[in-house]
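Student: Predicted coordinates and the sequence they were generated for:
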Amino acid sequence: MTRLRHTWSDPYRTEYATERACWACGLVRVTRHEPGVRPWVEFRRGGRGGVRADDGSGRTPPCEGEAPQAAGEVVTP
């Protein structure tokens, strides 16, 4: 399987959060920006609760999707 970088959708903004979803694997990146609190990032996959990016690793979880070529799809530039 070819490793991918996340390809994020356009942002969906609410009053205290901005959400983007990865087109390949469905991971949701949620940037929280509540008043009086420093912004933070959470990641959700498959409806499960958020995993904070500042949990010590400081990293985005890897993309678990497949590159279109690996899935047998034809990609045109």
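Tutor: Received, thanks.
Student: wait, doesn't W23 sit right on R5?
Tutor: No - W23 is beyond contact range of R5, at 11.1 Å (criterion: Cβ atoms under 8 Å). Every residue, glycine included, has its C-beta placed from N, CA and C.
Student: which of these two has more neighbours?
Tutor: A side-by-side neighbour count of W23 and R5, using other Cβ atoms under 10 Å, places W23 first with 14 against 10.
Student: Name the nearest residue to the more buried one, ignoring sequence neighbours.
Tutor: Leaving aside its chain neighbours, W23 sits nearest to T7 (4.7 Å; criterion: Cβ to Cβ, 6 or more residues apart in numbering).
Student: For H33, see how far away the nearest residue to G46 once chain neighbours are set aside is.
Tutor: Leaving aside its chain neighbours, G46 sits nearest to G26 (7.2 Å; criterion: Cβ to Cβ, 6+ apart). G26 is 23 Å from H33, where distance means Cβ to Cβ, to the nearest Å.
Student: How confident was the prediction at G56?
Tutor: Here the pLDDT value assigned to G56 is 57.
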